[in-house]
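> structure for the following, please:
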Amino acid sequence: MAASPVVWVNGPIVVGAGPAGLSVAACLRERGVPSVVLDRADCVASLWQYRTYDRLCLHLPRHFCELPGMPFPDSYPEYPTKRQFVSYLEAYAAHFSVHPRFNTSVTSARYDDDAGLWRVHAENGGVVTEYIGRWLVVATGENAEHVLPEINGMKDFCGPVSHVSEYKSGAPYSGKHVLVIGCGNSGMEVCLDLCDHNALPAMVARDSVHVLPREILGVATFSVAVFLLRFLPLWLVDRILVLLSWLLLGNLEKLGIRRPSRGPLELKNTRGRTPVLDIGALARIRSGDIEVVPGIRRFFCDGAELVDGRRVTADAVIMATGYHSNVPQWLKGCDFFTQEGYPRVPFPDGWKGQSGLYSVGFTRRGLSGVSLDAVKVAQDIAMAWNNQTATT
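Presented below is the predicted three-dimensional model:
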């Protein structure tokens with residue numbers, strides 16, 4: 001049997017070619033440090049290209065979503081579309097000459113104490129290659145795998161069940177009753193899209209959720225929050241945001257949507273729960289186009305029984321139940337990440353581990369957090385790289 005190919009990487013091994021991997025590779029290149037970027041997909045930002053719905057736009061103003069070293073084109077709107085963002089990422093990779101090795105799925109990564117090196121095994125076309133290098137950058141992100149919870153009686157349901165990552169448009173659901181499980185940004189926007197395509201959505205709001213207006217008096221809500229945080233503690237900013245939301249959006253409990261007891265920024269920072277930024281779903285809920293229902297007790301062939309005893313009809317089910325990190329599946333012999341796949345050390349210090357291990361894109365702070373991590377990681381590796389080359 002032929003031995004597996006071995007590749008020496010004269011620089012960091014970066015796992016992931018989404019915004020996190022591209023940005024750290026670009027920042028490294030700007031500092032004269034080469035890298036090898038590995039990704040299991042056949043393109044950059046595969047989550048955005050293959051696993052998002054057509055109407056998706058960035059939820060935050062574009063200047064909060066720029067990657068280091070390259071702004072969005074001036075022609076882009078305040079909230080770029082999915083296609084525009086993908087085009088930006090492709091242009092970003094080309095501009096910084098980042099050329100990932102696609103269709104290369106990392107199966108394991110482990111630090112070799114004796115050699116003082118990282119050994120990364122990756123499969124491409126049935127061939128497993130071992131990549132060896134001094135540094136490993138984990139950039140697979142918080143949304144590597146979708147979450148599909150088990151619900152009683154799901155196997156008895158006669159219609160199609162899919163995850164929101166498979167949803168593109170409401171067109172195939174026209175005239176159908178669709179049960180959307182989840183009331184986050186994806187759940188709300190899918191329901192809105194279903195309405196626009198003459199479907200009949202019901203949204204399961206089992207958990208409490210913060211819903212905020214996308215803008216407050218013409219200013220992005222996130223911009224307002226960032227400004228207030230310069231002068232006020234987080235808990236007080238949370239209270240102000242909740243008060244403004246109540247004044248602008250009204251009492252959402254009347255619509256079946258409960259607010260959490262903890263504030264929106266606190267939940268985002270500590271648990272990664274992103275508040276919903278309303279772009280029109282609330283109006284369709286108030287008009288009755290979107291029905292809000294509580295949790296599901298069990299499924300039947302033609303629908304589901306709710307926890308309050310009511311039954312709802314459903315021709316199809318869409319699970320807007322989120323994503324999770326997959327780092328524990330392939331990073332071995334290391335306790336830098338928790339079992340949930342996040343750095344144990346909280347933001348802003350979770351970007352650096354031991355023995356040349358780094359992480360980018362696990363801050364629970366979206367693309368702005370990605371950029372912060374990428375710059376820190378590149379600076380730190382460049383310093384070590386320069387010290388190494390100076391002594392050789």
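> for Gly356, see how far away Ala122 is.
Relative to Gly356, Ala122 is positioned 18 Å away (C-beta to C-beta, to the nearest Å). The way it works is simple: take the backbone N, C-alpha and C, and place the C-beta from them, glycine included.
> the two: who's more crowded?
Neighbour totals were compared for Ala122 and Gly356, and Ala122 leads with 25 against 20 (other C-beta atoms under 10 Å).
> OK, contacts around that one?
Residues in contact with Ala122, defined by C-beta atoms under 8 Å, 6 or more residues apart in numbering, are Leu38, Arg101, Thr104, Ser105, Val106, Thr107, Val128, Thr129, Tyr131.
> are we agreed that the last one is in a strand?
Pointing back at Tyr131 there. Yes. Assessed by DSSP: H, G, I helix; E, B strand; the rest coil, Tyr131 belongs to a strand.
> that one contacts Val120, correct?
Yes. Counting by C-beta atoms under 8 Å, Tyr131 does reach Val120; the two are 4.3 Å apart.
> okay, and the common contacts of those two?
What both Tyr131 and Val120 touch, as defined by C-beta under 8 Å, 6+ apart, is the set Ile13, Leu38.
> right, and Val37 touches Pro100 too?
Yes. Val37 sits in contact with Pro100 when judged by C-beta under 8 Å, with a separation of 4.0 Å.
> need the overlap of contacts for those two.
Common neighbours of Val37 and Pro100 (C-beta under 8 Å, 6+ apart) are Ala17, Gly21.
> so where do the helices sit in the stretch 1-150 of the chain?
With DSSP state H, counting those that start in this stretch applied, the stretch 1-150 of the chain shows helices at 19-30, 46-50, 82-95, listed in chain order.
> most tightly packed of those?
A comparison of these by mean neighbour count, using mean count of other C-beta atoms under 10 Å, puts helix 19-30 on top with a mean of 27.
> tell me which residues are up against it.
Helix 19-30 has contacts (C-beta under 8 Å, 6+ apart) with 11-12, 14-15, 34-35, 37, 39, 44-45, 67-70, 89, 92-93, 95-98, 100, 137, 139-141, 358, 360-361, 367, 370-371, 373-375, 377-379, 381-382.
> so for that helix, mean pLDDT?
Averaging pLDDT along helix 19-30 gives 97.
> repeat that for stretch 47-60.
Mean predicted lDDT for stretch 47-60 stands at 93.
> what does stretch 161-176 give?
When pLDDT is averaged over stretch 161-176, the result is 95.
> for it, give me every contacting residue.
Under the contact criterion C-beta under 8 Å, 6+ apart, stretch 161-176 has outside partners 51-55, 146, 148, 154, 182, 186-187, 190, 193-200, 315-321, 323.
> next one: stretch 295-315
151-154, 156-159, 173, 176-179, 181, 202, 204, 206, 291, 293-294, 317.
> how about the strands in the stretch 251-392 of the chain?
Using DSSP state E, counting those that start in this stretch, the strands of the stretch 251-392 of the chain run over 276-278, 291-293, 296-300, 303-306, 311-313, 316-319, 323-324, 357-359.
> fine by me, we can end here.
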